[in-house]
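K.L.:
Here is a sequence with its predicted model. Questions after.
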Amino acid sequence: GIYRHTYLVHTPATVHIVTHGVNPVTNVTGTISWNDESDPTKGQMAASAVIAPQVEIVNDGPNTDSGKYTLKVTVTDEDGNSAGTMQATTSDPIPSLATVKISAPSQLEKVQLWSAQRPYLYTMGIQIMNADGVLVDNVTTTFGFRQTAWMPNTGFYLNTQPFKWRGFCNHNDFAGVGVAVPERVNLFRAQTMKAVGGNSWRMSHNPPVPALLDILDRVGIVVWDENRDFYNQTYDIANQRTMVKRDRHHPSVMCWSFCNEAGCESQNAAVGAIFREVSKEEDPTRPVTGNMFSYGTGKLSQVVDIQGFSHQGGQKFDSFHHDVPNQPTIGSECCSCTTQRGEDVGNGSAEILGNFNGDCLQGQTGVEMSRDFVSGLLVWTLFDYYGEPAFGWPHRSSSFGAIDLAGFPKSAAFYYRSWWLHNSTNMSASAADIPHRPVPLQHPMAPSARLHDTESRLVNDGKFVIHIVQHWQADVGGDSRTIQAHTNAPHAELLVNGESQGIYNVSWISYARWNSVKYANGNLTAVAMDAAGQVVATHTVLTPGDPVKLMLTIDAPSETSGTGSALVMDGFDTAMLRASILDSNGQVVPGASNNVTFSVTSGPGRVVAVGSGDPRCHEPNQVTWRSAYHGLVRAFVRVTDNRAGSPAERERMIRIDADGGRVTRIFGAGDEQEMADAIVVQASTEIGGKTVAASVSVPISDDDSRHGVIAVARRWMRS
């Protein structure tokens, strides 16, 4: 089926702008300086920059058009102020079905730069006028100014600042909704990436939905944009060209990748040269690359600008750097470390993975992190995804992610948060690669009073954190246990009901570990200490009680998760709800697997999908119920009214509405029906032979300019 927005574009004039025909070519030429040297989040400025927008127009008419056509370009900054105007006119007739490019170069002064700390965007308005001054076509697009450099000995630089890629590969799917991922869910995914310290996203292994790039442009995450099929076939070459043309105006996109793994190895340098040529024709400013296993004579590595390596050890990086000293390199895929959320004890014979994988994370991420000449690493993956199960059947989704399929963090998420985010000042040569305004990590097991708290109680300013991996259950783990905690503090102490189990000295990108811990009902507390022995963070887990109640909360839209405060009534926007099964202390019960049912009791919404993050669950996705996995269930609620957008747009939607209003009500210009304030959702389950329920109200709005996903992403970084 159709799982991405599809557009029908009508251009009345025979001469018009080609689809994806605007290329906002920019080049930073002046000196780069900080707007405020004491605060990197205020961004950087270039004394000058050249802008040379190229616009491709086509004559779709049956005859040669001898008229003159004028290109008018207006550039505005983020506040809507004029930043420059440009103009150019065609000089030759345009034959039938031919295309021509018009360019209007100019130089701008005091240009604000796009960066991860301050992702500043400009807007370019394009108008094509005929000889009579009549507008025949117009396009508006966003773009940004930034300067990049890939250095073979010292890695990647953004706006002259060292920038280590610490990011993740992700497939284009999510629990319940499959590959038809709503935009607000993608915003949730982007904010979650920043919450664990990620600054880069590899689109594996196909070009992303355009709205995702719009989001990443605004939240400040750099992108590895990737093609799918790498063959010497007309349509494959055309797809590479289209990807470059479509995405080249996004400042977050840093490179064009031709292929993935075996797809890169199956073709030689000759095919790579063809893909390189079409990429450089459409965008000469960005490097080309691929996610490769190998390098050498006749291979793709000979015609790309950056050598990407997939799952290679330190020896391969060192050999490449020795053999090809003038070519930059990056760990474009690494670190496939598997876990299952909430499983304190792994059991291979029962096809259950444990929740701890710290040794794998330390060993594999350290390869790229410890080599200055490697530009960074992209971990496989941040989120679990459908397919590639760890054990095969009955697993039907992967377990590589630090976040499960439903968006609930596993223990690995806290490993990355402790080392990549809270320890980033010790890992970074500059502030350029540190995520700005990261949201709290949505803790999967926090008591109801602190559902959106971070993984630990921060005693100081948050430079150190600590997170206990295991639960503290009487019937899971045995009488004598091994307990791990993720922390970036140099020392950690574990206490059982206040009795010390010893102090552990934590090494770089490692974790704390205590063996032979005797179980006793009560509480398990981990204390992080700095080099002076001062307590800097604590985390406590309690022995859970029996399930007694249900709690329903909103993960998106939520200001806490950086995803806004209301759904937009556009017929598509979707909320992410979390049902938690709690004990009498308000703590999530890790052993709870109750079946939870969701329903909309009032307001314009419907439950469209459910999930739990359990890779072995075979329950259907597009229903209103799901069994909990370690006490948690996810539900997705979509708006069923379309009141947003212009009246003209909604009138067109009414004319082409496929379901005749049975699922989505589209309000035309004359409709005066009052809008509800919220969508009220109820969750219910059976506990102890009784039905228990909880409700939550999801705010709604018809103001896309304030509550739309793109507006929320932009405002989040500007506030």
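P.N.:
Structure's in. What do you need?
K.L.:
what's the longest strand in this protein?
P.N.:
strand 44-59 (DSSP state E).
K.L.:
residue contacts, residue 69?
P.N.:
For residue 69, the contact set (Cβ atoms under 8 Å, 6 or more residues apart in numbering) comprises 15, 57, 89-90, 94, 102, 128-131, 136. (Glycine included, C-beta is placed from N, CA and C.)
K.L.:
Now the buried members of those.
P.N.:
For the contacts of residue 69, burial is judged from neighbour counts taken by 16 or more other Cβ atoms under 10 Å, and it is met by 15, 57, 90, 94, 102, 128-130, 136.
K.L.:
on that earlier part again, tell me which of the contacts of residue 69 is nearest to residue 271?
P.N.:
Comparing those against residue 271 with Cβ to Cβ places residue 57 closest, at 31.3 Å.
K.L.:
The contacts of residue 69 in strands, which ones?
P.N.:
Filtering these for membership in strands, criterion DSSP E, returns 15, 57, 89, 102, 128-129, 136.
K.L.:
Distance from the chain centre to stretch 485-502, please.
P.N.:
When distances are taken as Cα atoms, centre = their mean, to the nearest Å, stretch 485-502 is centred 33 Å away from the chain's centroid.
K.L.:
Please shift the residue numbers so they start at 7 in all later answers.
P.N.:
Okay, using 7 as the starting number, the last item reads as stretch 491-508.
K.L.:
Does the residue positioned nearest the centre of the chain belong to a helix, a strand or coil?
P.N.:
Of all residues in the chain, the one closest to the mean position by Cα atoms, centre = their mean is residue 196, 3.1 Å from it. Secondary structure of residue 196, reduced to three states by DSSP: H, G, I helix; E, B strand; the rest coil: helix.
K.L.:
Give me the below-cutoff pLDDT ranges for the chain.
P.N.:
Applying pLDDT under 70 to the chain flags the ranges 431, 452-468, 664-668, 675-678.
K.L.:
Quick one: the helices in it, in order.
P.N.:
When assigned using DSSP state H, the helices of the chain occupy the ranges 189-201, 216-225, 240-253, 268-271, 275-288, 320-329, 364-375, 417-422, 430-433, 653-662, 710-713, 715-724.
K.L.:
so how far is stretch 621-637 off the chain centroid?
P.N.:
24 Å.
K.L.:
Would you indicate which residues of it are buried?
P.N.:
Applying a neighbour-count criterion of 16+ other Cβ under 10 Å, one finds 621, 623, 627, 630-637 buried in stretch 621-637.
K.L.:
Tell me who's in contact with the residue nearest to the centre of the chain.
P.N.:
Counting by Cβ under 8 Å, 6+ apart, residue 196 makes contact with 207, 218, 221-222, 225, 227, 719.
K.L.:
how about these in CSV, adding neighbour count and distance to residue 34?
P.N.:
Compiled in CSV, the contacts of residue 196 are given as follows (neighbours: other Cβ atoms under 10 Å; distance: Cβ to Cβ, whole Å):
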residue, neighbour count, distance to residue 34
207, 27, 23
218, 24, 26
221, 27, 24
222, 26, 20
225, 24, 22
227, 24, 20
719, 26, 24
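K.L.:
between those, which is nearest residue 290?
P.N.:
Closest to residue 290, out of all of the contacts of residue 196 and judged by Cβ to Cβ, is residue 222, at 22.5 Å.
K.L.:
Was I right to think residue 195 contacts residue 177?
P.N.:
No. The criterion here is Cβ atoms under 8 Å, and residue 195 misses it with residue 177 at 11.0 Å.
K.L.:
Spit out the residues that contact these two alike.
P.N.:
When contacts are counted by Cβ under 8 Å, 6+ apart, residue 195 and residue 177 are jointly contacted by residue 389.
K.L.:
which non-adjacent residue is nearest residue 332?
P.N.:
Of all residues beyond its chain neighbours, the one nearest residue 332 is residue 158 (5.3 Å), with distances taken as Cβ to Cβ, 6 or more residues apart in numbering.
K.L.:
how many neighbours does that neighbour have?
P.N.:
In terms of burial, residue 158 registers 16 neighbours under the definition other Cβ atoms under 10 Å.
K.L.:
before we move on, what about residue 725?
P.N.:
The number of residues packed near residue 725 is 7, by other Cβ under 10 Å.
K.L.:
can you check residue 364 too?
P.N.:
By other Cβ under 10 Å, the residues close to residue 364 number 21.
K.L.:
I'd say residue 148 and residue 131 touch.
P.N.:
No. Counting by Cβ under 8 Å, residue 148 does not reach residue 131; the two are 10.7 Å apart.
K.L.:
higher neighbour count, these two?
P.N.:
Comparing residue 148 with residue 131 by other Cβ under 10 Å, the one with more neighbours is residue 148, at 18 against 14.
K.L.:
partners of the more buried one in the sheet?
P.N.:
Under the criterion DSSP bridges, residue 148 forms beta bridges with residue 129.
K.L.:
Could you measure from it over to residue 357?
P.N.:
Noted for residue 148: a distance of 47 Å to residue 357, by Cβ to Cβ, to the nearest Å.
K.L.:
again with residue 539
P.N.:
Taking Cβ to Cβ as the criterion, residue 539 is separated from residue 357 by 44 Å.
K.L.:
and what of residue 594?
P.N.:
Relative to residue 357, residue 594 is positioned 24 Å away (criterion: Cβ to Cβ).
K.L.:
out of those two, which sits in the busier spot?
P.N.:
For residue 594 and residue 357, the more surrounded residue by other Cβ under 10 Å is residue 594, and the numbers stand at 25 against 17.
K.L.:
dump the residue contacts of the residue lying closest to the more buried one once chain neighbours are set aside.
P.N.:
Nearest in space to residue 594, with sequence neighbours left out and distances taken as Cβ to Cβ, 6+ apart, is residue 637 at 4.2 Å. Taking Cβ under 8 Å, 6+ apart as the criterion, residue 637 is in contact with 348, 451, 586-588, 594-598.
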